[in-house]
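Q: requesting a structural model of the entry that follows:
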Amino acid sequence: MSAYRISPRAPRGAASRRALLSAAAAAMLLGPLSARANPWPTRPVRIIVPSPPGGPADLFARLLSEHFARAIGGNFVVDNRPGASGALAAVALAQAEPDGHTLLIGSNSTFVLTPLVLKRPGFDPQRDFAPVGLLTSYAMYLVGRPDLPFRDVTGLVAYARANPGQLNYASFGVGSVGYMVHEVLRRRAGIDVAHVAYPGTAAVLQALMRGEADYAFDSVGNAQPHVDAGKLLALAVSTAERASRVPQVPTLAEAGFAQFDLRIWLGLVAPARTPQPIVQKLNAELERFTAMPETRKRFADNAYDATTETPEAMGERLAREHRFWADVVRDARIALD
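A: Here you go, the predicted model:
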């Protein structure tokens, strides 16, 4: 006789077993019903991007929105909100309902630097955001006008020292990664150069090609087509090792700046208190997306590295980079109203 067979003359304790079996059966039936009671998504999911169309964050947001729509279902739309070095987009996310229908793809500029340099950023990444995971990381590419009176970083530094205040560099704004990486370089090189801010990567590169600015940090993927066309001059990459797509371009460490290894990365976050099942689902699909051969090829073709990590690891990254850049911001006395 089966141990789970119930007879009219069941021994003492059989009623308890019947109750347990009934509860288990009910749980099996109610589980799917409970999941359906809180469906997600129930309306279009906005992926906010803190830059205009055309930059890396915008590109990856569109690729990821297509993947999420196929894998999760529903409609995922990109919402470009440039301005204030990413603060406008970040505040919009912080004020959104934590129900999984509003997300943000941003960089270490958005999540680390902007809150450090703005006196009133309007958001606190560690309080207001729920990390989902990283998407990619890549080297910063130091490029300049092709008619510059130097051809490498050594020449740039020598020229800037001999002509203080004569050179200018472009960035997406004070607090952006391009600005802060250059600030580290400027301080270590001991040079005096002017800064010109533009609203996004496309505007920065156009300013260089028009001759309005002398040099800038951008991504290899964005700048290399213009380098190949002879419209920009490649000077260096910001990572410890040469970038695989441009192995002929030296690193800043090779130019004499030892241990210079700074990368830009893009990550996905949701509002704080977003339900963990939604965060975990997004993270799982983010990892699946970056592992796809077609995704990795597209990343590699544009000199981006697929970089994924857990929500917890991304949270630790935010705290670690906050400590590093806080020292730079304090020493450079960078503060914006």
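
Q: looking at the longest strand seen in the chain now, give me its mean pLDDT.
A: Of all the segments assigned as strand in the chain under DSSP state E, the longest by residue count is strand 129-144. When pLDDT is averaged over strand 129-144, the result is 94.

Q: after that strand comes which helix or strand?
A: Moving toward the C-terminus from strand 129-144, the first helix or strand encountered (DSSP states H and E) is helix 153-162.

Q: which parts of the protein are helices?
A: Secondary structure of the chain (DSSP state H): helices at 14-37, 56-71, 87-94, 108, 114-117, 125-128, 153-162, 177-189, 201-210, 220-228, 276-291, 293-301, 311-332.

Q: mean confidence for the longest one?
A: Spelled out, it's helix 14-37. Model confidence over helix 14-37, given as mean pLDDT, is 43.

Q: the longest strand of the chain to helix 293-301, inter-axis angle?
A: If you take axes from the mean of the first three to the mean of the last three C-alpha atoms, to 10 degrees, strand 129-144 sits at 40 degrees to helix 293-301.

Q: sorry, back to before: okay, the helices of the chain in JSON lines with mean neighbour count next?
A: All C-beta spots, glycine's among them, are computed from the backbone N, C-alpha and C. JSON lines is the format used below for the helices of the chain (neighbours: other C-beta atoms under 10 Å):
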{"stretch": "helix 14-37", "mean neighbour count": "10"}
{"stretch": "helix 56-71", "mean neighbour count": "20"}
{"stretch": "helix 87-94", "mean neighbour count": "21"}
{"stretch": "helix 108", "mean neighbour count": "24"}
{"stretch": "helix 114-117", "mean neighbour count": "23"}
{"stretch": "helix 125-128", "mean neighbour count": "16"}
{"stretch": "helix 153-162", "mean neighbour count": "17"}
{"stretch": "helix 177-189", "mean neighbour count": "21"}
{"stretch": "helix 201-210", "mean neighbour count": "20"}
{"stretch": "helix 220-228", "mean neighbour count": "19"}
{"stretch": "helix 276-291", "mean neighbour count": "17"}
{"stretch": "helix 293-301", "mean neighbour count": "13"}
{"stretch": "helix 311-332", "mean neighbour count": "15"}
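
Q: what about those, which gets the closest to residue 100?
A: Among those, helix 276-291 comes nearest to residue 100, with 3.9 Å by C-beta to C-beta.

Q: restricting to C-alpha, output the closest one in PDB.
A: Once non-C-alpha atoms are left out, helix 276-291 reads as follows in PDB (Å, rounded to 0.1, in the frame of the first residue of the first chain):
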ATOM      1  CA  GLN A 276      13.100  41.700  -7.200                       C
ATOM      2  CA  PRO A 277      11.500  39.200  -9.600                       C
ATOM      3  CA  ILE A 278      11.400  41.900 -12.200                       C
ATOM      4  CA  VAL A 279      15.100  43.000 -11.500                       C
ATOM      5  CA  GLN A 280      16.200  39.300 -11.700                       C
ATOM      6  CA  LYS A 281      14.300  38.800 -15.000                       C
ATOM      7  CA  LEU A 282      15.900  41.900 -16.500                       C
ATOM      8  CA  ASN A 283      19.300  40.800 -15.400                       C
ATOM      9  CA  ALA A 284      18.900  37.300 -16.800                       C
ATOM     10  CA  GLU A 285      17.800  38.700 -20.200                       C
ATOM     11  CA  LEU A 286      20.600  41.200 -20.100                       C
ATOM     12  CA  GLU A 287      23.100  38.400 -19.600                       C
ATOM     13  CA  ARG A 288      21.500  36.300 -22.300                       C
ATOM     14  CA  PHE A 289      21.600  39.300 -24.700                       C
ATOM     15  CA  THR A 290      25.300  40.000 -24.200                       C
ATOM     16  CA  ALA A 291      26.100  36.300 -24.600                       C
END
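
Q: contacts for it next, please.
A: Outside helix 276-291, the residues within contact range by C-beta atoms under 8 Å, 6 or more residues apart in numbering are 40, 63-64, 67-68, 71-72, 99-100, 103, 130, 132-133, 135-136, 268, 270, 295-296, 299, 306-308, 310-311.

Q: care to break the chain down by domain?
A: What automatic domain parsing lists as the domains of the chain is 45-137+263-332, 139-237.

Q: and the ones you listed: which comes nearest residue 257?
A: Minimum separation from residue 257 across these (C-beta to C-beta) falls at domain 139-237, 5.7 Å.

Q: now the helices of the chain in TSV, with distance to residue 257?
A: Below are these laid out as TSV (distance: least, C-beta to C-beta, whole Å):
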stretch	distance to residue 257
helix 14-37	54
helix 56-71	24
helix 87-94	30
helix 108	20
helix 114-117	22
helix 125-128	29
helix 153-162	8
helix 177-189	6
helix 201-210	22
helix 220-228	19
helix 276-291	31
helix 293-301	27
helix 311-332	15
